[in-house]
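In: requesting a structural model of the entry that follows:
(one chain, ligands or ions: 2)
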Amino acid sequence: MALISTFGSTSSGTKIRVGILGASGYTGAELVRMLLRHPNVEIAALTAERQAGKPLAEVFPHLGGFGLPDLVKIDQVKWDGLDFVFCALPHGTTQEVIAGLPSGLKVVDLSADFRLTDPAEYATWYGHEHRATDLQKEVAYGLTEFNRQGVRKARVVANPGCYPTSSLLPLLPLLLENQIEPGGIIIDAKSGVSGAGRDAKQANLFCEVSEGFNAYGVGHHRHMPEIEQELRLAAGRPVTVSFTPHLVPMNRGMLATIYVRMAEGVTADDLRATLAARYADEPFVGVTPAGVVPATRHVRASNHALMGVVADRTPRGAIIVSVIDNLVKGASGQAIQNMNVMMGLGETTGIDQAPLFP
Ligand SMILES: NC(=O)C1=CN([C@@H]2O[C@H](COP(=O)(O)OP(=O)(O)OC[C@H]3O[C@@H](n4cnc5c(N)ncnc54)[C@H](OP(=O)(O)O)[C@@H]3O)[C@@H](O)[C@H]2O)C=CC1
Ligand SMILES: CC(=O)N[C@@H](CCC(=O)OP(=O)(O)O)C(=O)O
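Out: Ligands and ions are numbered 1, 2, ... in the order given. The predicted model follows:
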């Protein structure tokens, strides 16, 4: 893809002044790491809560030596010095922060606060009333490959969850082509521990995760309604999924094993061909050849999503294996991809495109 720049001021050398809210967290740090190499971005503000007042290098030594601003609290940010904001805060803390930003400021929100279009559905799954229902109406869901026009026009983009990203990318094209049935889809997904954020939690201690792995949120994880919402909106009919996430003893990476029932007469080779055709021109989504099953190491630290299809022994069954890096295509990389679209830059600008597979 050509790296075109249509962002008005970049041609004259002016950079997009970016603020990162939550820069002392894992996705915030990943945003900094990636944006330091973005040719059109100047990192102009970094926020933290408990770590506010420190240089970022004190929290993340690998990000020292770049002349970055120190971490400040959100209420100390000078918004008129920014053109764009990434919001990498815990869900539940984000709605009021974004609703309070100057109305001209574009935002990608990495949290779940604006992903569910129905505030009542949000309240059911997140345990509190939505705090910015008016703003919710104008938010675009940022699965870039399926909503470029919406993202391009939006002021606020809700970046998808990591599990939804790894699940929707293979499922959407197959549903849209009516090659799989809309019921009985099983998503058995595994995440690295960084998916839970940097906050200290007993379940994420080394001794808890290093000698095995566990399922969690079984039957009620909050990413289930997000996945179903996007499948329903695309397919124009209700779609149900059984979704079980697991925490595995690795730092980063996400793998979803997805079991589907194919429509009459459709084969696993047909599914693979549909996915390959749908993503042939997509810079960040790939399909492995028959007989090759992708692994998390193939996409480590990369914005690529990779998927493979295998025939199942059950009647009309097929198994899809889908991998991403939860911190990149599942969060910060996709957020930068969305910023590029929102700011009229070439979509791949500043994002490493080197394919990591094989
Ligand atoms: N980790 C992942 O793989 C993914 C995460 N996400 C979502 O992205 C968001 C960020 O995730 P992640 O980086 O993992 O989270 P972390 O817990 O690692 O970081 C959270 C950040 O938010 C700050 N923060 C915490 N509470 C507040 C508050 N009340 N007010 C202001 N700032 C606050 C923290 O500052 P301090 O530490 O200084 O207190 C820290 O900078 C979350 O909504 C998460 O669900 C989405 C997809 C994938
Ligand atoms: C391993 C782990 O705990 N993962 C998180 C999901 C990742 C994430 O941050 O999702 P949101 O953006 O929707 O919050 C979880 O299951 O809650």
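In: select the longest helix from the chain.
Out: The residue-count maximum for a helix in the chain (DSSP state H) belongs to helix 162-176.
In: now the strands for the stretch 51-200 of the chain?
Out: 71-72, 84-87, 106-109, 140-141, 156-158, 185-191 (DSSP state E, counting those that start in this stretch).
In: which residues of this structure lie near ligand 1?
Out: 22-28, 48-51, 74, 88-91, 93, 110-111, 161-162, 194-195, 197-199, 326-327, 330-331 (Cβ under 6 Å from any ligand atom). For the C-beta atoms, the positions are set from N, CA and C on the backbone; glycine is no exception.
In: run through the residues you listed and flag the ones next to ligand 2.
Out: 91, 111, 161, 162, 195.
In: ok, then the element right after the helix or strand of the chain with the lowest mean pLDDT?
Out: Taking mean pLDDT, DSSP states H and E as the measure, the chain has helix 206-209 as its least confident helix or strand, at a mean of 94. Sequence-wise, the next helix or strand downstream of helix 206-209 (DSSP states H and E) is strand 214-215.
In: pull up the pairing partners for that following strand, direction included.
Out: The pairing partners recorded for strand 214-215 under DSSP bridges are strand 241-247 (antiparallel).
In: now do the helix or strand that the strand it pairs with is followed by: distance to the chain's middle.
Out: Where DSSP H and E defines the elements, the next helix or strand beyond strand 241-247 is strand 254-261. Strand 254-261 sits 17 Å away from the centroid of its parent chain (Cα atoms, centre = their mean, to the nearest Å).
In: likewise stretch 56-63?
Out: 24 Å.
In: circling back: packing partners for the longest helix of the chain?
Out: The contact analysis (3 or more Cβ pairs under 8 Å, 6 or more residues apart in numbering; DSSP states H and E) places helix 162-176 against strand 185-191, helix 223-235, strand 241-247, strand 254-261, helix 268-279, strand 305-311, strand 317-324.
In: now the ones you listed as JSON lines including mean pLDDT?
Out: Rendered in JSON lines, the data for the helices and strands packed on helix 162-176 read as follows (pLDDT from 0 to 100):
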{"stretch": "strand 185-191", "mean pLDDT": "98"}
{"stretch": "helix 223-235", "mean pLDDT": "96"}
{"stretch": "strand 241-247", "mean pLDDT": "98"}
{"stretch": "strand 254-261", "mean pLDDT": "98"}
{"stretch": "helix 268-279", "mean pLDDT": "98"}
{"stretch": "strand 305-311", "mean pLDDT": "98"}
{"stretch": "strand 317-324", "mean pLDDT": "98"}
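In: can you put those in a markdown table and add distance to residue 134 and mean neighbour count?
Out: Supplementary listing: the helices and strands packed on helix 162-176 in a markdown table, determined by distance: least, Cβ to Cβ, whole Å; neighbours: other Cβ atoms under 10 Å:
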| stretch | distance to residue 134 | mean neighbour count |
| --- | --- | --- |
| strand 185-191 | 33 | 22 |
| helix 223-235 | 20 | 20 |
| strand 241-247 | 30 | 19 |
| strand 254-261 | 33 | 22 |
| helix 268-279 | 35 | 19 |
| strand 305-311 | 33 | 24 |
| strand 317-324 | 32 | 24 |
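In: burial measure for the residue nearest to residue 96 when sequence neighbours are not counted, as a count.
Out: Spatially, and ignoring its direct neighbours in sequence, residue 96 is nearest to residue 131 (5.2 Å; Cβ to Cβ, 6 or more residues apart in numbering). Using other Cβ atoms under 10 Å, residue 131 is surrounded by 18 other residues.
In: confirm for me that residue 131 is in contact with residue 95.
Out: Yes: Residue 131 lies in contact with residue 95 (Cβ atoms under 8 Å); the separation is 4.2 Å.
In: list the beta-bridge partners for the nearest residue to residue 109 once chain neighbours are set aside.
Out: Distance criterion Cβ to Cβ, 6+ apart; nearest residue to residue 109, sequence neighbours excluded, is residue 87 at 4.5 Å. Applying DSSP bridges to residue 87 gives these bridge partners: residue 21, residue 109.
In: residue 87: neighbouring residues, count only.
Out: By other Cβ under 10 Å, the burial measure for residue 87, its neighbour count, is 28.
In: what distance do you get for it to residue 78?
Out: 17 Å (Cβ to Cβ, to the nearest Å).
In: what's near enough to touch the residue nearest to residue 109?
Out: Neighbouring residues of residue 87 by Cβ atoms under 8 Å, 6 or more residues apart in numbering: 21, 22, 94, 97, 98, 107, 108, 109, 110, 111.
In: what is the nearest of those to ligand 2?
Out: Proximity of those to ligand 2 (Cβ to the nearest ligand atom) peaks at residue 111, which lies at 5.6 Å.
In: how many neighbours does the closest one have?
Out: Neighbours of residue 111 (other Cβ under 10 Å): 24.
In: these two touch, right, it and residue 86?
Out: No: applying Cβ under 8 Å, one finds residue 111 not in contact with residue 86, separated by 10.7 Å.
In: so what's the residue lying closest to residue 54 once chain neighbours are set aside bridging to?
Out: Excluding the flanking residues, the one nearest residue 54 by Cβ to Cβ, 6+ apart is residue 71, at 5.4 Å. Note on residue 71: beta-bridge partners by DSSP bridges are residue 46.
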